[in-house]
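Participant: Here's a sequence, model it:
(2 chains)
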Amino acid sequence: MSRPLEDILFGAPSPQAQTVTRVVSVIAAAVLLLLAAGVALRFHSAGQLDARFWEFFAWPTTWAFLARGLLGTLASSAMAAVIALVLGLVLLVGRLARLRLVRWPSIAVIEFLRGTPTLLLIYVCFLVLPSVGIKLSTYWMLTLPISLSTAAVVAEVYRAGVLAVPRGQTDAARSLGLTEAQVFFLVVFPQALRYIVPALVAQLVIVVKDTTFGYVVTYGELMQNAKVLIANYHALVPVYLVVAALYCLVNYAISRASKRLGGPMH
Amino acid sequence: MGDVSRLLADYGPAFGQALFLTWKLTVVSFVPGFLLGVVVTVLRLLPLPPLRFVLTGYVEIFRNIPSVALLIFIVFALPDLNVVIDYEPSVVLTLTLVCSAFTADYLRSGINTIPGGQIEAALSLGLRPTRIISAVVLPQALRAVVQPMTSLLIALMLSTSLASQVPFPGRELTALVSKIANDSAAGMAAFAVAAAMYVATGLLIAWAGGALEKKVRILR
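Facilitator: The predicted structure is shown next:
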């Protein structure tokens, strides 16, 4: 790994440049602190720092309730991820099939699910399916649409990985007399997986974000539970801030994991 | 098929307007989001630790926060801080912030593809660092990120669907489908039409992005 580019750019500053940098740094820090103070003042003057808006965060029940929401988020995300990984593989196999009768519908399904907003699919499960007699639980009204749209994206990620596996691998496996299925599942796909693990983990961030729509179908995930808390304590700003921070933390942890997994490979 | 033609007879103009609003929201949040992302990227290169620290926080926060959570915060929580933003600007602001964070992240990856030797060469030619950023670093970084930016634009276009979560005066595609599904039994047909419009728009963007990528990509 070579030096980061900005270190080369500003690597050997003259004494004069060093002074300038230091002065500008101090000014920038001062301006940023002033900004932060301005935000704090805004909170204070709007009365949002009053104890009654924050005291319920000292109660274990509040955190238990939020934790239950987070658990709901994770339950939905995990299920959606598992379904997407499996269904994505099915779509990939269809996408790579030689038979046009299989390949073209697979392409159509992938493009359709990938190109439609998850929220629109959720509305279909929530508003349209009941009118034709299909009634899903709130859990599935949220999880199913997310699984479907993620599966299509995962299928494309898989495909990128499969295309990255050197052709010689396929040729060698075929010349050993393996069947097409064996070539794919024993030789190509396992290697493809290794290329795309970071991309798959990064996709998990999007799944967690999508479960935020749980409040649309009143499934008890983090956002929905936040709304309940707000209804009880009339503390919009604190609750939304805490919930946003929780989402950021979870997703940041996943992103970091994905970057770390990507590290040793390249 | 009969359902779809009846639906288009009833709601045809509404779908046209909804599609137009979806496009409009996409463009008016992508352009400032992209420019803001470029600014953030450049500022993060400067050797100013406090600025780098805050901007890294900015990028990580807006990359990882769910857009809906951000939108709901802006629309429903900010008024408690005496900051009232109208619904449409709120949606645009949400998408702009998220877009700028992703742009900054992708541009950073684009910058990482530039060999360090180029910077050393430029320095030895006597170019000032700010000039190197504008003449050597940014042009190459921008050319390297056409593909991820195309995906981002498509994702942003799909994200305009969250405008349906606030009481918006106009209706974009998702809000229109939910209204039709509530009012009538034509929900399935409405969904099919809206989905076709989303997919067509996405394919159009992907095609344009692919053409641009072919034109500007740097072979290394």
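Participant: Would the helix or strand of chain B with the lowest mean pLDDT count as contacting chain A?
Facilitator: When the helices and strands of chain B are compared on mean pLDDT, DSSP states H and E, helix B:173-183 comes out lowest with a mean of 82. Yes. Helix B:173-183 lies within reach of chain A by C-beta under 8 Å from any C-beta of the partner chain, at B:Leu173, B:Thr174, B:Val177, B:Ser178, B:Ala181, B:Asn182. Yep, even glycine has a C-beta here, placed from its N, CA and C like the rest.
Participant: residue contacts, the first one?
Facilitator: It stands for B:Leu173. Taking C-beta atoms under 8 Å, 6 or more residues apart in numbering or on different chains, we find B:Leu173 in contact with A:Leu120, B:Phe15, B:Ala18, B:Leu19, B:Leu21, B:Thr22, B:Ser161, B:Ala194, B:Met197, B:Tyr198.
Participant: for the chain, which spans come out with low pLDDT?
Facilitator: Defaulting to chain A. A:1-2, A:262-266 (pLDDT under 70).
Participant: Sorry, I should have been clearer: chain B.
Facilitator: Across chain B, the ranges flagged by pLDDT under 70 are B:1-3.
Participant: mind checking the longest helix of it?
Facilitator: Scanning chain B for the longest helix, with DSSP state H as the assignment, gives helix B:2-45.
Participant: List the contacts of B:Asp80.
Facilitator: Contacts of B:Asp80 by C-beta under 8 Å, 6+ apart are A:Ala46, A:Gln48, A:Leu236, A:Val237.
Participant: Let's see that with 10 Å instead.
Facilitator: For B:Asp80, the contact set (C-beta atoms under 10 Å, 6 or more residues apart in numbering or on different chains) comprises A:Phe43, A:Ala46, A:Gly47, A:Gln48, A:Phe53, A:His234, A:Ala235, A:Leu236, A:Val237, A:Pro238, A:Tyr240.
Participant: still on that earlier bit, can you pull the buried residues of the least confident helix or strand of chain B?
Facilitator: Across helix B:173-183, burial judged by 16 or more other C-beta atoms under 10 Å in any protein chain shown covers B:Leu173, B:Thr174, B:Ala175, B:Leu176, B:Val177, B:Ser178, B:Lys179, B:Ile180, B:Ala181.
Participant: Ok, stretch A:175-195 next?
Facilitator: By neighbour count with 16+ other C-beta under 10 Å, stretch A:175-195 contains the buried residues A:Leu178, A:Val183, A:Phe184, A:Val187, A:Val188, A:Phe189, A:Ala192, A:Tyr195.
Participant: again with stretch A:53-60
Facilitator: Buried-residue list, stretch A:53-60, by 16+ other C-beta under 10 Å: A:Phe53, A:Phe56.
Participant: what sits up against it?
Facilitator: By C-beta under 10 Å, 6+ apart, the residues outside stretch A:53-60 that reach it are A:43, A:47-48, A:51, A:62-63, A:65-67, A:229, A:232-239, A:242, B:80.
Participant: So which bits of the longest helix belonging to chain A are buried?
Facilitator: If you go by DSSP H, chain A has its longest helix at helix A:60-96. With burial defined by 16+ other C-beta under 10 Å, the residues of helix A:60-96 counted as buried are A:62, A:65-66, A:69-70, A:72-73, A:75-77, A:79-81, A:83-85, A:87-89, A:91-96.
Participant: So which of those reach chain B?
Facilitator: Counting by C-beta under 10 Å from any C-beta of the partner chain, A:Thr73 from these sit close to chain B.
Participant: thinking again about what came up before, okay, the angle between the least confident helix or strand of chain B and helix B:2-45?
Facilitator: Angle between the axes of helix B:173-183 and helix B:2-45 is 150 degrees (criterion: axes from the mean of the first three to the mean of the last three C-alpha atoms, to 10 degrees).
Participant: ok, A:Gly161 to chain B distance?
Facilitator: Here A:Gly161 is placed at a distance of 16 Å from chain B (C-beta to the nearest C-beta, to the nearest Å).
Participant: Helix or strand: which one has the residue nearest to that residue when sequence neighbours are not counted?
Facilitator: Nearest residue to A:Gly161, sequence neighbours excluded (C-beta to C-beta, 6 or more residues apart in numbering or on different chains): A:Ala192, at 3.4 Å. Assigned by DSSP states H and E, A:Ala192 belongs to helix A:189-210.
Participant: I'd like the next helix or strand past that helix.
Facilitator: Following helix A:189-210 toward the C-terminus (DSSP H and E): helix A:222-233.
Participant: List the buried residues for that following helix?
Facilitator: Buried residues in helix A:222-233, defined by neighbour count with 16+ other C-beta under 10 Å: A:Leu222, A:Met223, A:Gln224, A:Asn225, A:Ala226, A:Lys227, A:Leu229, A:Ile230, A:Tyr233.
Participant: I figured the third one hits A:Tyr215, correct?
Facilitator: I take that to be A:Gln224. Yes. A:Gln224 sits in contact with A:Tyr215 when judged by C-beta atoms under 10 Å, with a separation of 4.3 Å.
Participant: Residues that sit against both of those two, list them.
Facilitator: A:Leu142.
Participant: Which strands and helices lie in contact with the helix holding A:Ala192?
Facilitator: For helix A:189-210, the contact count by 3 or more C-beta pairs under 10 Å, 6 or more residues apart in numbering or on different chains; DSSP states H and E identifies helix A:60-96, helix A:118-123, helix A:138-164, helix A:236-262, helix B:49-64, helix B:67-72 as packing neighbours.
Participant: picking up where we left off before, same for the longest helix of chain B, what does it pack against?
Facilitator: Using 3+ C-beta pairs under 10 Å, 6+ apart, the elements in contact with helix B:2-45 are helix A:5-9, helix B:49-64, helix B:87-112, helix B:129-132, helix B:138-144, helix B:146-159, helix B:173-183, helix B:187-216.
Participant: ok so, going back, nearest to A:Ser149, of the buried residues of helix A:222-233?
Facilitator: Closest approach between the buried residues of helix A:222-233 and A:Ser149, by C-beta to C-beta: A:Met223, at 18.4 Å.
Participant: In contact with that closest one, which residues?
Facilitator: Per C-beta under 10 Å, 6+ apart, neighbours of A:Met223: A:69, A:72-73, A:211-216, A:240, A:243-244, A:247, B:66, B:68-69, B:72.
Participant: how close does it get to B:Thr150?
Facilitator: 30 Å (C-beta to C-beta, to the nearest Å).
Participant: and if you look at A:Arg194?
Facilitator: Applying C-beta to C-beta, the value for A:Arg194 to B:Thr150 is 26 Å.
Participant: can you check B:Val91 too?
Facilitator: From B:Val91 across to B:Thr150, the span is 22 Å (C-beta to C-beta).
Participant: More neighbours: which of those two?
Facilitator: Taking other C-beta atoms under 10 Å in any protein chain shown, B:Val91 and B:Thr150 do not tie; B:Val91 has more neighbours (27 against 19).
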